[in-house]
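S.K.: Sequence first, predicted coordinates after that:
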Amino acid sequence: MPRTTKIVATLGPASSDPETLERLVTAGIDVVRLNFSHGSLADHQQRVDALRQATTVRRRTVGVMADLQGPKIRIGKFAGRKILLKTGQDFILAADCDLGDSNHVGLDYPELVREVASGDVLLLDDGRIVMDVVAVDEDEIHCRVRHGGELSNNKGINKLGGGLSAPALTDKDKEDIRSAAALAVDYVAVSFPKSGADMRQARQLLAEAGSRALLVAKIERVEAIQNLEDILDASDGVMVARGDLAVEVGDAAVPALQKRIIRMAREYNRFAITATQMMESMIHSPVPTRAEVSDVANAVLDGTDAVMLSAETAAGDFPVQTVEAMARICVEAEKTVDVSLEKHFLDRVFTRIDQSIAMAALFAANHLKVKAIAALTESGSTALWMSRLNAGVPIYALTQDTHTRYKVCIFKGVYPVLMPQTGHDRDDLLQEAERQLIGAGAVEPGDLIALTIGEPIGTPGGTNTLKIVRVGDARTAD
């Protein structure tokens, strides 16, 4: 069985040339991430064009995700680019300051002075620098350094416990949503959403820009944890963004939250991505640490749809080796995942016909030991529902819709196949589906396959038929 957990790789200077992209596609990336915190629209367009060329050469389908910068609250710049803060020293964060020094620095979010109070704890540079707020006046936050170290330009600020009111979508994000639509990306990740309302606003902006991209909520605020159900309801998927989340809730709380977020995503029929520092050492090392191997494997065992690489592939020395190592880890971890469907069906009530057909296909596939499930789908919903449970059977999403073909790339255990236009005759479609699976090497004559299809043909959300067939045999198997 092919690898079921998908790999998301961030593109950057280390991975944007055609040769490296081809090697990454061959190594097994399923989705690329464009980090809109860096680069211009022209840079992103060039990378998308190069990716499409590489996938054409390698004959693989790879989705594209635009990751919005969001309201990252940052300090300003220093006259000497960086300073060294000593534990116990006083330091000022000033709303109105051009260039900082060893005593003070400016803020790119002046409203911060109205959102903190004496006794609050501020964490800078992903928690590497810790400051206690001792006093706040009209334009300055007076702090005492609890944990010092080197601090350089434009590092981020978090408030321990959350509570900052910066909106999830900045003016830059709104413009970037329009840019993402112009690039025809398949997914858009929203940074720092606090509630479902933030995601609904992003969806409206996407729709106005003419995009059908799926929306991913990056869970990295305390408020997002508190409003997780609302966010899941308004999103297509979630990302466990462990960097800022750890800073806000404390690093020890993250592993349990990761499991909870992934579990709830599956219950809500949403996909989940696990991100941040998964293979961090491989930025400069050709092999991962044992802790990183365990981290990736545990995310797989948690049931994540995808694991994500950031600087490892964007700016690292070994982008291809990192993807190859991550793929190996996923495959080994998947060998130990339990396949047991009965307990998942006992406490569930399925009220939709298409969802009931999807679940019936999983149940039949598991008991009849079919070789593959073929979901002939317009929207991809049937494949998504099937992927929420581990049946131990590969799911092939056969679609005539190009958008759906890329949309399903991130679903765990689902493999996209673009069907040629064969009209609306059911028997012709089923025969073509069989030919496509044979051509992909998924099945051989004599194998059993489960096929789901909707009638009338071509209606999204209309899956209403399950058929079990033996490859090369026109008879229906009971």
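M.R.: Now that the structure is in, tell me what you want to look at.
S.K.: what's the burial count for the residue nearest to G88 when sequence neighbours are not counted?
M.R.: In space, and not counting its chain neighbours, G88 is closest to V145: 6.4 Å by Cβ to Cβ, 6 or more residues apart in numbering. For the C-beta atoms, the positions are set from N, CA and C on the backbone; glycine is no exception. Applying other Cβ atoms under 10 Å, we find 19 other residues in the vicinity of V145.
S.K.: Would you mind listing the residues in contact with V145?
M.R.: The contact partners of V145, by Cβ atoms under 8 Å, 6 or more residues apart in numbering, come to 85-91, 129-131.
S.K.: Make CSV from these and add distance to N158 to it.
M.R.: Listed next are the contacts of V145 as CSV, based on distance: Cβ to Cβ, whole Å:
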residue, distance to N158
L85, 16
K86, 21
T87, 19
G88, 21
Q89, 20
D90, 21
F91, 16
I129, 11
V130, 10
M131, 11
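S.K.: residues contacting K467?
M.R.: Per Cβ under 8 Å, 6+ apart, neighbours of K467: 430, 450-453, 476.
S.K.: Checking G106 next. Helix, strand or coil?
M.R.: strand (DSSP: H, G, I helix; E, B strand; the rest coil).
S.K.: Look up which residues are beta-bridged to it.
M.R.: A94 (DSSP bridges).
S.K.: Could you verify my assumption that it touches C97?
M.R.: Yes. The criterion here is Cβ atoms under 8 Å, and G106 meets it with C97 at 3.5 Å.
S.K.: Residues that sit against both of these two, list them.
M.R.: Counting by Cβ under 8 Å, 6+ apart, the common neighbours of G106 and C97 are G76.
S.K.: Mind pulling the model confidence for G454?
M.R.: Per-residue pLDDT puts G454 at 83.
S.K.: Without its sequence neighbours, what residue ends up closest to it?
M.R.: G462 (3.4 Å).
S.K.: how about the one you found, what does it touch?
M.R.: 354, 378, 454-456.
S.K.: same deal with V105?
M.R.: Going by Cβ under 8 Å, 6+ apart, V105 touches 75-78, 83, 91-94, 97, 151.
S.K.: Looking at these, which is nearest A372?
M.R.: Comparing those against A372 with Cβ to Cβ places I75 closest, at 53.4 Å.
S.K.: May I ask you to confirm that the closest one is in contact with I157?
M.R.: Yes. I75 lies in contact with I157 (Cβ under 8 Å); the separation is 6.4 Å.
S.K.: joint contacts of those two?
M.R.: With Cβ under 8 Å, 6+ apart, I75 and I157 have common neighbours 93, 107, 124.
S.K.: Let me have these in CSV, extended by neighbour count and pLDDT.
M.R.: Shown next, in CSV, are these (neighbours: other Cβ atoms under 10 Å; pLDDT from 0 to 100):
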residue, neighbour count, pLDDT
L93, 27, 97
L107, 22, 93
L124, 26, 94
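S.K.: Which parts of this structure belong to which domain?
M.R.: Following automatic domain parsing, one gets these domains for the chain: 6-70+167-334, 77-159, 342-470.
S.K.: Could you give the separation of the first one from the chain centroid?
M.R.: Pointing back at domain 6-70+167-334 there. 4 Å (Cα atoms, centre = their mean, to the nearest Å).
S.K.: Mind naming the longest helix for this structure?
M.R.: Using DSSP state H, we find that the single longest helix of the chain is helix 41-58.
S.K.: Counting by contacts, list what it packs against.
M.R.: Contact here means 3 or more Cβ pairs under 8 Å, 6 or more residues apart in numbering; DSSP states H and E; on that basis helix 41-58 packs against helix 18-27, strand 31-35, strand 63-67, helix 171-182.
S.K.: how far away is the spatially closest residue to S195 that is not a sequence neighbour from P167?
M.R.: Excluding the flanking residues, the one nearest S195 by Cβ to Cβ, 6+ apart is N227, at 4.6 Å. N227 sits at a distance of 15 Å from P167 (criterion: Cβ to Cβ, to the nearest Å).
S.K.: What of C409?
M.R.: 30 Å.
S.K.: That'll do, ta.
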